[in-house]
Each structure stands twice: as structure tokens, then as C-alpha cells.
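1. Starting from these lines, generate the structure:
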Amino acid sequence: MAENTSERQLNIINKLAELEKSIGRLYDVYTSLFPGHQHFWSSLAREEEIHARIIGELYLPVIRNETRFDERSFNLPILERFISYIEEEAGKALRQERTFINALSISLYIEESLIEQKYFSFVEASTNQIKQVLDRLAADSRRHAWKVREEFNEHKKS
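-> Sure thing, here's the model as predicted:
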């Protein structure tokens, strides 16, 4: 049975929330793996959890037809592979196969990928509230990339 538009859009929202949760779990692993940098990683992890909740708030506007998606600009298989990559990295970190500089590099790659893939600009926001949510997520990804880049540069100096 083919999915209707609303089901496809809810699936996209679900995957985006899953993406944010997986990034948060990775950062949680880094929090325990690098105790000298707990605050750095735990603050990023908490924000990713918030992002997942914010994305979940888009369910109702989709169900009510208050927003439209440009589904052609969204590649679900690529997103699923990205989630798998993040989960694999969390596994490697749990097995202590990652150094602090590896963790920073991986995190920078993840945050910059979110920006480059424009995961938060695929929705035609029909309300200001939805547009503000998506703009916040995009801005937070840029800020996360900046924070990780700053930490990376600082670590390279020492």
C-alpha cells in the first residue's frame, strides 16, 4: 500500500527526530568517554534532545495540513545512512576506539553535514511559528559547528 503525502511527511519528521536523538546519544557517549570535557559534550547532547522534541512538534501542523513539504528535496535513504553512520560512531566510541580529536572531527562533520544538506529548510513553512522552529534548528546547527570547530582549534594548540 502506497504512503499518502501526510504519511510520507510524518515519516520525514520521524527520521529527523531520530537523527537528532542519535546525535545526542553520540554526544552522551563522548560525555562519559572524555570526562575532562563533560560540560562541552553534555551541553551539546542536551540541545540535540531539545531539537528532537522541537521536530516532534511539527507532527500536528502536518496532520492539520498547516504546512507543506517539498518532498523532492528530501532524500530519506541518505538520511537513514547518516543515522546509521552516527550510530556506528557511537559504537566505536563506546569501544574506546576514538580519541578526543577524533570525536571533535566526527562532530564537526556531522554538524556541517546538517548545514550542507539543509535538513531544516525542506519545509515550506505556512506559519511563522513553524518557520521560527526550523530557523532555530538551522541556527543551532551552525552554532554547534562553530563550538566544535573552536574546541578543535583549541585542542590542536595544546
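2. tell me the contacts of the closest residue in space to Asn65 that isn't next to it in sequence?
-> The spatially closest residue to Asn65, leaving aside those adjacent along the chain, is Ser6, at 7.7 Å (CB to CB, 6 or more residues apart in numbering). Glycine gets a C-beta too; all of them are placed from N, C-alpha and C. Contact analysis of Ser6 by CB atoms under 8 Å, 6 or more residues apart in numbering lists Val62, Ile63, Asn65.
3. what about Ile13, neighbour count?
-> Neighbour count for Ile13, taken as other CB atoms under 10 Å: 19.
4. So it, which state does it fall into?
-> Classification of Ile13 using DSSP: H, G, I helix; E, B strand; the rest coil returns helix.
5. And the nearest residue to it once chain neighbours are set aside, its phi and psi?
-> Residue nearest to Ile13 in three dimensions, not counting chain neighbours: Leu58, with 5.1 Å by CB to CB, 6+ apart. The phi/psi pair for Leu58 (degrees, to the nearest 10) reads phi -80, psi -10.
6. For Glu87, which residues are in contact?
-> By CB under 8 Å, 6+ apart, the contact list for Glu87 reads Ser22, Arg25, Leu26.
7. Of those residues - the most surrounded one?
-> Busiest of the contacts of Glu87 [other CB under 10 Å] is Leu26, holding 28 neighbours.
8. Distance from the chain centre to whichever strand or helix holds it, please.
-> Assigned by DSSP states H and E, Leu26 belongs to helix 5-33. Distance of helix 5-33 from the chain centroid (CA atoms, centre = their mean, to the nearest Å) equals 6 Å.
9. can you pull the buried residues of that helix?
-> Going by neighbour count (16 or more other CB atoms under 10 Å), the buried part of helix 5-33 is 8-10, 12-13, 15-31, 33.
10. Could you look up the next helix or strand downstream of that helix?
-> Scanning onward from helix 5-33 (DSSP H and E), the first element met is helix 38-56.
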